[in-house]
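Participant: Build me a structure from this.
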Amino acid sequence: MALALATPTFAFATDSPSRTRIENAPAWTARAPRVGAVPASQEQQLTAVLGLRDAAGAEALAAAVSDPTSGQYGHYVTAAAWRSRFAPTVADVAQVTSWLKSQGFLIGAIPSNHRYISFSGTSAEAEKAFATDLQVFKKDGQVVSAPASSVSIPTVLAGTVVGIGGLDTSNRKKPSHVGGPESAKRVAPATTTLARPSEVLPPPDLVFRNGTPCSAFYGQKAANTFPQVLADPLTYAPCGYKPPQLRGAYGIDNSLKAGYDGRGASVAVVDAYASATILSDAQTYARRNDPQHPLRSYQFSQSLPATFTDTVDCGASGWYSEETLDVEAVHAMAPAANILYVGASSCLDNDLNAAVNTVVDNSLAQVITNSYGDYGEPASVSDVAEQHQTFIQAAAQGISVLFSSGDNGDEIANTGSRQVDWSASDPFVTAVGGTALAVGRDNNYLFEQGWGTGKSKLVGGLWDPATPAYLYGGGGGTSQLFKQPNYQKKVVPSSISNYFGQGAYRAVPDVGMVGDPNTGFLIGQSQSFPDGSIHYSEYRIGGTSLSSPLFAGVVAVADQVNGGSLGFLNPKIYKLAGSNAFRDVNHGRAVTDGVVRVDFVNGYDATDGLTTSLRTLNQTGSIFTRVGYDDVTGVGSPNGVSFLLAMAGGR
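Facilitator: Sure, this is the predicted structure:
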């Protein structure tokens with residue numbers, strides 16, 4: 001029952017009789033300005049990614065236990081059983097570590113499933129060992145290092161080692177949340193750091209608060225004094241939806257009344273770094289905004305690394321709001337579920353991959369939500385290999401892995417070409433796209449549109465530009481890395497799957513939930529204030545970083561209804577496409593609705609004045625909502641009890 005995937009094939013080219021090339025220089029190095037050579041003594045934190053034994057069999061097993069039409073459906077394996085069948089052997093690990101030591105490297109962590117071997121050494125040692133040339137480049141405004149030539153290993157290791165992670169330091173994940181200040185220059189508090197490898201985490205970012213007026217629910221306050229440029233009347237943006245509003249709109253409150261609130265289920269939230277106030281913030285938030293459903297201390301736990309690195313380059317403090325959003329959003333939809341926060345030591349791919357692998361290989365949760373990603377495809381061979389094999393193991397063990405689809409639409413503005421974001425494009429991942437959601441006075445569902453925001457400022461009583469310019473929106477489109485999986489056949493139209501004219505490929509996203517920050521979620525977080533104090537405050541935020549943890553909470557409730565984990569969700573999701581389990585978000589290309597948003601110029605009070613802007617809904621560029629599956633919202637948004645019962649139903 002193997003899926004028809006175009007899983008990256010790691011074909012080895014022979015550079016010499018004794019060496020085999022495993023990866024070319026990253027394509028972007030041909031365009032990026034070169035600054036100079038990496039200093040010979042600079043420390044490199046690297047990973048040797050090992051290939052699975054019987055990779056085809058591993059993928060076939062993962063597909064079969066996830067396929068509702070298979071006799072193996074739901075017969076998940078344990079982590080121990082997975083390792084005994086598919087993990088690289090002890091002999092493989094010994095062979096690779098022996099060679100790495102012979103090259104002068106120090107060996108670090110090796111997980112139980114032998115997915116990778118962490119090691120460190122100098123740049124000079126890395127260049128010699130991998131027959132490459134490490135150079136410093138300027139890419140996307142950042143100074144990074146990467147191989148300027150191909151990477152190779154001794155031929156005797158070819159097939160065992162499928163990639164070397166960490167040589168390309170541009171592989172940094174970005175959190176997928178938006179909102180907050182968009183134009184005002186804001187100075188973050190100074191950081192206090194120590195030399196690598198350990199750094200002290202910075203204080204939280206400077207406080208952000210919503211400007212007023214804003215609406216308690218969609219349409220509460222009419223914005224009828226402004227030019228009406230859309231088909232439907234303008235309204236002031238919601239101040240930020242609270243948990244009861246989102247549960248009501250998505251029909252989850254009906255399940256709570258029947259005792260289905262996520263109890264017994266566990267959700268892992270994976271991000272980089274760690275907010276020092278996360279538990280107290282989440283508990284304060286629930287007490288203020290959802291008092292019937294407190295977050296009890298026993299429901300929350302953390303798995304944190306001993307040290308943190310790259311805090312400046314990764315913008316460590318910006319990840320605190322991501323963590324806060326994710327934890328509070330999961331609890332909003334599944335208020336009795338257990339939440340495990342897993343903080344990576346940095347935003348580098350190696351570290352975030354390790355955090356996800358920790359959850360999978362130790363079976364720490366039934367659902368994993370990841371609100372970060374790359375700008376487009378392709379990722380490096382080593383990164384794809386390491387993550388893809390972890391996702392296969394997760395599916396085989398019955399763990400649902402969710403990723404945000406991204407906040408930059410079709411990525412043309414960022415990358416110059418139409419792309420989907422990695423890791424959401426992996427076929428063993430459930431990619432969660434974004435919608436704009438209207439919640440009524442009684443916490444009722446009014447409508448949903450695709451999340452794609454156009455922005456115009458109010459200048460001299462008129463909107464400028466007259467046609468709002470695209471600002472951000474839910475990611476989606478067609479992968480150029482993975483062929484169409486079986487579960488998408490007969491559901492995804494060929495105009496999407498064969499967009500590039502090279503055959504059917506994986507389409508993104510799979511489902512959608514609210515992500516538009518202008519119909520966004522209110523969160524509570526400790527922030528830095530201008531007087532130097534740090535204390536709790538609340539503000540509206542969005543992004544597919546909101547969509548993914550919200551859906552994770554819904555899945556946790558569905559797991560409870562099911563009496564156990566639903567595992568890899570996509571085969572069941574697409575089997576239910578077009579049924580009342582989902583609301584089809586269908587609005588075509590028309591932009592009919594918009595909200596007026598008022599912001600403080602300085603981000604937190606009216607001292608420096610206010611700005612007023614028009615934010616349109618459903619302005620999505622080359623991806624757009626349509627009847628049935630679309631590349632903004634997938635098969636649609638979950639339809640409350642109908643979704644829960646259908647997902648938990650039989651084959």
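Participant: quick one, strands of the stretch 151-300 of the chain?
Facilitator: 151-154, 161-165, 174-175, 235-236, 266-272, 300-303 (DSSP state E, counting those that start in this stretch).
Participant: Compare the ones you listed and give me the one nearest Asp253.
Facilitator: strand 266-272 (18.9 Å; C-beta to C-beta). Quick note: C-beta positions are derived from backbone N, CA and C, even for glycine.
Participant: List the contacts of the closest residue to Lys174 other than its chain neighbours.
Facilitator: Excluding the flanking residues, the one nearest Lys174 by C-beta to C-beta, 6 or more residues apart in numbering is Tyr372, at 6.1 Å. Residues near Tyr372 by C-beta atoms under 8 Å, 6 or more residues apart in numbering: 173-176, 271-272, 322, 347, 352, 404, 545.
Participant: Poorly predicted segments of this structure, please.
Facilitator: Scanning the chain for pLDDT under 70 picks out 1-17, 180-198, 378-379, 650-651.
Participant: tell me, which helix in the chain spans the most residues?
Facilitator: For the chain, the longest helix by residue count, based on DSSP state H, is helix 544-562.
Participant: Alpha carbons of that helix, as PDB, please.
Facilitator: Extracted in PDB, the C-alpha atoms of helix 544-562 (Å, rounded to 0.1, in the frame of the first residue of the first chain):
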ATOM      1  CA  THR A 544      -0.800  29.600   9.900                       C
ATOM      2  CA  SER A 545       1.100  29.400  13.200                       C
ATOM      3  CA  LEU A 546      -2.400  29.800  14.700                       C
ATOM      4  CA  SER A 547      -4.000  27.400  12.200                       C
ATOM      5  CA  SER A 548      -1.800  24.500  13.000                       C
ATOM      6  CA  PRO A 549      -2.100  24.400  16.800                       C
ATOM      7  CA  LEU A 550      -5.900  25.000  16.600                       C
ATOM      8  CA  PHE A 551      -6.200  22.000  14.300                       C
ATOM      9  CA  ALA A 552      -3.900  20.000  16.600                       C
ATOM     10  CA  GLY A 553      -6.400  20.700  19.400                       C
ATOM     11  CA  VAL A 554      -9.300  19.600  17.300                       C
ATOM     12  CA  VAL A 555      -7.300  16.400  16.400                       C
ATOM     13  CA  ALA A 556      -6.700  15.800  20.200                       C
ATOM     14  CA  VAL A 557     -10.400  15.800  20.700                       C
ATOM     15  CA  ALA A 558     -10.900  13.500  17.700                       C
ATOM     16  CA  ASP A 559      -8.400  11.100  19.200                       C
ATOM     17  CA  GLN A 560     -10.400  11.000  22.400                       C
ATOM     18  CA  VAL A 561     -13.600  10.300  20.500                       C
ATOM     19  CA  ASN A 562     -11.700   7.600  18.600                       C
END
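Participant: Just want the angle from that helix to strand 266-272.
Facilitator: Comparing the axes of helix 544-562 and strand 266-272 via axes from the mean of the first three to the mean of the last three C-alpha atoms, to 10 degrees yields an angle of 160 degrees.
Participant: Show me what the helix or strand that comes right after helix 544-562 packs onto, helices and strands only.
Facilitator: Next in sequence after helix 544-562, counting helices and strands by DSSP states H and E, comes helix 570-575. On a contact count with 3 or more C-beta pairs under 8 Å, 6 or more residues apart in numbering; DSSP states H and E, helix 570-575 meets helix 55-66.
Participant: which residues are contacting the helix it packs on?
Facilitator: Contact partners of helix 55-66, identified using C-beta under 8 Å, 6+ apart, comprise 1-3, 5, 7, 52, 70, 72-77, 82, 85-86, 389, 392-393, 395-396, 398, 428, 486, 567-568, 570-572.
Participant: so which helix or strand takes in Arg615?
Facilitator: Assessed by DSSP H and E, Arg615 sits inside strand 610-616.
Participant: still on that earlier bit, okay, the residue nearest to Lys174 and Ser423: tell me how far apart.
Facilitator: 8 Å (C-beta to C-beta, to the nearest Å).
Participant: mind checking how far the strand or helix carrying Thr467 is from the chain centre?
Facilitator: In this structure, Thr467 sits in strand 462-473 according to DSSP H and E. A distance of 27 Å separates the centroid of the chain from that of strand 462-473, by C-alpha atoms, centre = their mean, to the nearest Å.
Participant: any idea which helix or strand comes after that strand?
Facilitator: Sequence-wise, the next helix or strand downstream of strand 462-473 (DSSP H and E) is strand 477-483.
Participant: Now do Cys214 against Thr122, distance only.
Facilitator: 54 Å.
Participant: so what's the residue lying closest to Ile252 once chain neighbours are set aside up against?
Facilitator: Of all residues not flanking Ile252 in the chain, Met333 sits nearest, at 5.7 Å (C-beta to C-beta, 6+ apart). Met333 is in contact with 243, 246-247, 250, 252, 262, 550, 552-554, 556-557, counting by C-beta under 8 Å, 6+ apart.
Participant: What helices and strands are in contact with the next helix or strand after the strand holding Arg615?
Facilitator: Using DSSP H and E, the helix or strand that follows strand 610-616 in sequence is strand 637-638. If you count contacts as 3+ C-beta pairs under 8 Å, 6+ apart, strand 637-638 packs onto strand 511-514, strand 582-583.
Participant: switch the cut-off to 10 Å
Facilitator: Strand 637-638 sits against strand 430-439, strand 511-514, helix 544-562, strand 582-583, helix 640-648, with contacts defined as 3 or more C-beta pairs under 10 Å, 6 or more residues apart in numbering; DSSP states H and E.
Participant: elements contacting the fourth one?
Facilitator: Read it as strand 582-583. Applying 3+ C-beta pairs under 10 Å, 6+ apart, one finds that strand 582-583 contacts strand 445-450, strand 511-514, strand 637-638, helix 640-648.
Participant: Out of those, which is the most enclosed?
Facilitator: For the helices and strands packed on strand 582-583, average neighbour numbers computed from mean count of other C-beta atoms under 10 Å are highest in strand 511-514, which has a mean of 30.
Participant: quick one: that strand to chain centroid distance?
Facilitator: Offset of strand 511-514 from its chain centre (C-alpha atoms, centre = their mean): 13 Å.
Participant: what are the pairing partners of that strand, and which direction each?
Facilitator: Here strand 511-514 is paired, per DSSP bridges, with strand 430-439 (parallel).
Participant: buried set for the strand it pairs with?
Facilitator: Neighbour-count burial for strand 430-439, counted by 16 or more other C-beta atoms under 10 Å, picks out 430-439.
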